[in-house]
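Q: quick one, structure for this:
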Amino acid sequence: MNSLLKDKVALVTGGGSGIGRATAQLFARHGARVVVADISEAAGRQTVADLHEEGHEAIFQNVDVGAMDSVRTMIDTTLETYKRLDVVHSNAAAYAKGSAVEITEDDWDRTLAVCLKATWMIAKCAVPPMLSQGGGSIVITGSVHSIRGYARYAAYQASKGGLVALTRSLAADFAPSIRVNAVLPGAVVTGLWDGIPETRRQEIAQMCALKRNAQPEEIAQPVLFLASNMASYITGACLVVDGGLTSIIQNA
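A: Okay, here's the model as predicted:
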C-alpha cells in the first residue's frame, strides 16, 4: 500500500510547512526520495530531519521560487543529487492582502512572482529533464480563490486564476509524457492562519458543508493521488478539495 512513488524522485516547494510539509512526508512514506525546497532554511531542514528520523531519503534545498536563478539552482541540485526528477509539487505561496487600490506594486509583483511565475519557471527548468527521461508528473497547488471572488485578495486571486490556466496549458503542451494537474484547496489550517482568532476560524468552518477546516494532510492525499500512477489517465484537471465550500449554497 505504501509504495505509490517507489523509486521516484519528488521535489516539493514550500516543503518546510503546511501543505508542502505534509506532502513531503506522504511522498516519502510512499517510497519517494524527496527534495524539500523552502525559503525558510530552518523550516525546510526540520522537515528533512523528521524524514531522516523516519528512515526516509531526503535533502533540503534553499530556494526563492520567485527568482529564476534560485529555481534553476534548485532543479540542477536535484538532478546532480538524484540523476532524475519524476514528480514536482509546485506549492510555495506568499501574498499581501488588499484590494486593487490598497495593494502596492511591490506586493503585487512579489505575489505574482511566488504564486504564479514560479510555476512557469519550475516548469521551464524541470520539463526538459523530465522529457529526456521519459516523463513525469507535476501537481500545482491552486486555490478556490481561482473560481470564487473573495474581498481584498486581488493579487492572490489573480495569481491563482493564472495557475488554473497554466495547468491546462502545460498539460496540453507536454502530454502524453508529462501529466500536469492542480489541486484547489479551500480553508486549510497552515502557518498562514497565524493570528486568526478561533472565533473567526469557526466562522470559516461553518461556511463549508463539512463544517470544519482542512488539515494539510487532507490536501497532501489528493496531491499524492494526482502525482502517482493512480491518476494515470488524468491531466489538465483542477481538483477542488474544499469540504464543499464552493459547491453548496448553505441555508441561513
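
Q: the protein: strands as residue ranges?
A: 9-13, 33-38, 58-62, 87-90, 136-141, 178-185, 238-241 (DSSP state E).

Q: how far does stretch 17-32 sit from its chain's centre?
A: 11 Å (Cα atoms, centre = their mean, to the nearest Å).

Q: dump that stretch to PDB, keeping only the CA atoms.
A: The C-alpha trace of stretch 17-32 is given here as PDB (Å, rounded to 0.1, in the frame of the first residue of the first chain):
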ATOM      1  CA  SER A  17       5.500  23.900   6.500                       C
ATOM      2  CA  GLY A  18       1.800  23.400   5.800                       C
ATOM      3  CA  ILE A  19       0.600  21.500   2.700                       C
ATOM      4  CA  GLY A  20       4.200  21.200   1.400                       C
ATOM      5  CA  ARG A  21       5.500  19.600   4.600                       C
ATOM      6  CA  ALA A  22       2.600  17.200   4.700                       C
ATOM      7  CA  THR A  23       3.100  16.300   1.100                       C
ATOM      8  CA  ALA A  24       6.800  15.800   1.500                       C
ATOM      9  CA  GLN A  25       6.100  13.400   4.400                       C
ATOM     10  CA  LEU A  26       3.500  11.500   2.500                       C
ATOM     11  CA  PHE A  27       5.600  11.200  -0.700                       C
ATOM     12  CA  ALA A  28       8.500   9.800   1.400                       C
ATOM     13  CA  ARG A  29       6.200   7.300   3.100                       C
ATOM     14  CA  HIS A  30       5.200   6.100  -0.300                       C
ATOM     15  CA  GLY A  31       8.800   5.400  -1.400                       C
ATOM     16  CA  ALA A  32      10.000   8.700  -2.900                       C
END
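
Q: quick one: mean pLDDT for that stretch?
A: Stretch 17-32 comes out with an average pLDDT of 98.

Q: please shift the residue numbers so they start at 818 in all later answers.
A: Let's use 818 as the start, then, which means that last one is stretch 834-849.

Q: no more questions from me, cheers.
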